[in-house]
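[1] Sequence plus predicted model, see below.
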Amino acid sequence: MKIFITRAIPSRGLELLQQKGYKVTVNPDDRVLTKDELTTALDAGGYDAVLCLLTDKIDAGVLDAAGKQCKIFANYAVGFDNIDMKAAAERGILISNTPGVLTDSVAEHAFALMLAAAHRIPESDRFTRAGKYHGWEPMLLLGTDMVKKTLGIVGLGRIGSRVAHHAVRGFDMSVIYYDVKRNEDFEKEFNASFHENVDDVFREADFISIHVPLLETTRHLVNAEQLAMMKKTAILVNTSRGPIVDEAALVEALKNKTIRGAALDVFEREPALAPGLADLDNVILTPHTASATEETRQAMSVLAAENIIAALEGREPPNVIR
């Protein structure tokens, strides 16, 4: 059996595949392959499985290049908006992802972004490094407390629920949330309130954390209209998918102080940023690293490998997407 991996990943998953006796080929260049490069590699290789990344656009052409012997594309990510699921189903190719193992790291990152924005930590760091600190001042770089404030969760999956846990258990925050499905057990555990209309979450929350998948219905879910609804003191955090936020509208809202601040780990046109975004002091930007811990990335590689092994052994992968 032959496996193609589109980019270097942590070692444990590779070791699992090699222990099975599979021939593993890893893209030797530490960069995203172009579509032509990917299709050429797959067409020439005769691979039985492909381990791909969120940055790989897996469309009908790529699937066809993989050939009829290819049984699975194992996505090294929770999301799978990079894959044409309909085209994969038509060709009988399984698609899997790596859910669950990155819940804690992404939730921690989202909460870290909230804390950093509230307390103006990156801005304070830049101020101090630039030699501008000349002594304690009562009005210097005033931020905002998180304790007793209201956190709005938009998308109550595993990660959104874990962010709420940190907010309630660690900071005595109140939680309101919007999701397509109500979760009464969650409400009881965290004394949270469900809002049927997402606009109500934008209006009421002091902090908003986005955790929805990228769908046509969620693209630009956060736009100029929603930003205008938010409190002027509110902070927006997005660790889900970039296109959920209208980045140009966010730039204008931050420039005009429509909201206090924002923190983004994902961007609408990655890796490009909307013009003017990087020039603003009231936004924190991290390079899609919410799951970038040694423990989590290793666990993702193991899960992707286990999905491939199951498919090649004729079993249903543990994280097959239906």
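    Nice, I can see it. If you're wondering where the values come from, they're calculated on a predicted model, not measured in any experiment.

[2] For L285, which residues are in contact?
    A263, L264, L273, L277, A278 (C-beta atoms under 8 Å, 6 or more residues apart in numbering). Glycine gets a C-beta too; all of them are placed from N, C-alpha and C.

[3] so what's the third one up against?
    If I follow you right, that is L273. If you count contacts by C-beta under 8 Å, 6+ apart, then L273 has E247, F267, L285 around it.

[4] Now, those that are in strands?
    L285 (DSSP state E).

[5] of the contacts of L273, closest to L303?
    Nearest to L303, judged by C-beta to C-beta, of these is F267 at 25.5 Å.

[6] Hmm, D246 and that closest one touching each other?
    No. At 11.8 Å, F267 does not count as touching D246 under the criterion of C-beta atoms under 8 Å.

[7] taking the contacts of L285 one by one, which sit in strands?
    Using DSSP E, the contacts of L285 in strands are A263, L264.

[8] Just give me the closest of the contacts of L285 to V212.
    Nearest to V212 among those, with distances taken as C-beta to C-beta, is L264, at 14.7 Å.

[9] check contacts around the closest one.
    V237, N238, G242, V245, V283, I284, L285, T286.

[10] Quick check, pLDDT for it.
    Among the per-residue scores, L264 holds a pLDDT of 98.

[11] swap in M1?
    With respect to pLDDT, M1 has a value of 95.

[12] Now do the helices in the stretch 101-250 of the chain.
    For the stretch 101-250 of the chain, the helices defined by DSSP state H, counting those that start in this stretch cover 103-118, 121-129, 158-171, 184-190, 198-204, 224-229, 247-255.

[13] By mean pLDDT, point me to the weakest helix or strand of the chain.
    Among the helices and strands of the chain, helix 35-45 carries the lowest confidence by mean pLDDT, DSSP states H and E, at a mean of 94.

[14] What residues of that one count as buried?
    Buried residues in helix 35-45, counted by 16 or more other C-beta atoms under 10 Å: L38, T39, A41, L42, G45.

[15] What helices and strands are in contact with it?
    strand 2-5, helix 60-66 (3 or more C-beta pairs under 8 Å, 6 or more residues apart in numbering; DSSP states H and E).

[16] burial count for H119?
    16 (other C-beta atoms under 10 Å).

[17] tell me the contacts of it?
    Under the criterion of C-beta under 8 Å, 6+ apart, the neighbours of H119 are G143, T144.

[18] L254 versus that one, what's the distance?
    According to C-beta to C-beta, to the nearest Å, H119 and L254 sit 17 Å apart.

[19] try A118
    Relative to L254, and taking C-beta to C-beta, A118 is found at 15 Å.

[20] what residue is smack in the middle of this structure?
    The C-alpha lying nearest the average C-alpha coordinate of the chain belongs to S240 (C-alpha atoms, centre = their mean; 3.6 Å).

[21] Do I have it right that it meets V212?
    Yes. With contact defined as C-beta under 8 Å, S240 counts as touching V212 (5.8 Å).

[22] Can you work out which residues contact both of the two?
    With C-beta under 8 Å, 6+ apart, S240 and V212 have common neighbours G155.

[23] among the helices of the stretch 101-250 of the chain, which is the most enclosed?
    helix 103-118 (a mean of 22; mean count of other C-beta atoms under 10 Å).

[24] Kindly list the longest helix within the protein.
    When the chain is parsed with DSSP state H, its longest helix is helix 294-312.

[25] which other helices and strands contact that helix?
    If you count contacts as 3+ C-beta pairs under 8 Å, 6+ apart, helix 294-312 packs onto helix 11-19, strand 49-53, strand 72-76, strand 94-96, helix 103-118.

[26] CA atoms of stretch 137-147 as CSV?
    Extracted in CSV, the C-alpha atoms of stretch 137-147 (Å, rounded to 0.1, in the frame of the first residue of the first chain):
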residue,chain,number,x,y,z
GLU,A,137,0.8,55.8,35.3
PRO,A,138,-2.8,55.5,36.5
MET,A,139,-4.2,55.9,33.0
LEU,A,140,-1.6,53.9,31.0
LEU,A,141,-3.0,51.3,28.6
LEU,A,142,-6.3,50.7,30.4
GLY,A,143,-8.0,47.5,29.5
THR,A,144,-11.1,45.8,30.7
ASP,A,145,-11.9,43.0,33.2
MET,A,146,-13.4,39.7,32.1
VAL,A,147,-14.8,38.6,35.5
